[in-house]
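[1] coords please:
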Amino acid sequence: MSGDLRLDKVVTAGTFSLDGGVWEVDNNVWIVGDDDSCVVIDAAHDAEPILQAIGDRRVTAILLTHAHDDHIGAVRELREATGAPAYLHPEDRVLWEMTYPDETPDEDLVNGQQIPVAGSVLRVLHTPGHAPGACCFVSDDLGCVFTGDTLFQGGPGATGRSFSDEDTILDSIRTRLFALPGQTVVHTGHGDDTTIAAEKAALS
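    I've put the predicted structure just below:
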């Protein structure tokens, strides 16, 4: 069944707000699945283009790499439209509550957990640093990892704001992401793809 597995990308635009600042950002939303069902990785800004890309497929999970407001702004609408549960690492509840003080995620993410998707699985890696509950999702069948804001083309995600830490993100990247095969494609939360090998060479 995993031979039918495919990846769709949607780019949504909006703002990121934290520590009193507001920035205009474009976010990558990733949809992993087949013709029948899928999961959404990050529900950023605007649910409508995400729902258009989903089409008539059943959404089995909304997986959140972390809870900065630009990555979860469409969670409520997406949950209501699809009935899918939202998964978030519990250490990111402090950020989640800034956007949704009266709601909670449906499920906790745990390091090493396997999330079923269309006859395949996504493996959860807890990679704190950019945010305390930041997680990445590995698809061995697709040969890729979805890194949110933990690792970009050109290096680690930002750590200059509240609830982030540079030493922690570097340790997460070196011990968990760089353990993946070098040819693994890195699908990021913003901007272009890269590979584990390219970023490992730049950070070594």
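[2] Does R6 touch G33 like I think?
    Yes - counting by C-beta atoms under 8 Å, R6 touches G33, with 7.1 Å between them. From N, CA and C alone the C-beta is placed, and that goes for glycine too.
[3] between these two, who's got more neighbours?
    Using other C-beta atoms under 10 Å as the criterion, R6 and G33 rank with G33 on top: 23 against 13.
[4] Quick check: beta-bridge partners of the more buried one?
    R6, C38 (DSSP bridges).
[5] Who are the contact partners of it?
    G33 makes contact with 5-6, 39, 57, 117-118, according to C-beta atoms under 8 Å, 6 or more residues apart in numbering.
[6] all helices for the chain, in order.
    Listed in chain order, the helices of the chain (DSSP state H) span 47-54, 69-72, 75-82, 93-99, 166-172, 196-203.
[7] could these be laid out in CSV, adding distance to G189?
    Shown next, in CSV, are those (distance: least, C-beta to C-beta, whole Å):
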stretch, distance to G189
helix 47-54, 14
helix 69-72, 7
helix 75-82, 15
helix 93-99, 14
helix 166-172, 13
helix 196-203, 14
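[8] just to revisit the earlier point, and the contacts of G33, which is closest to P105?
    The closest of the contacts of G33 to P105 turns out to be V39 (C-beta to C-beta; 14.4 Å).
[9] and the gap between the closest one and D171?
    27 Å (C-beta to C-beta, to the nearest Å).
[10] quick one: which of the two has more around it?
    Taking neighbours as other C-beta under 10 Å, V39 and D171 compare with V39 leading, 21 against 14.
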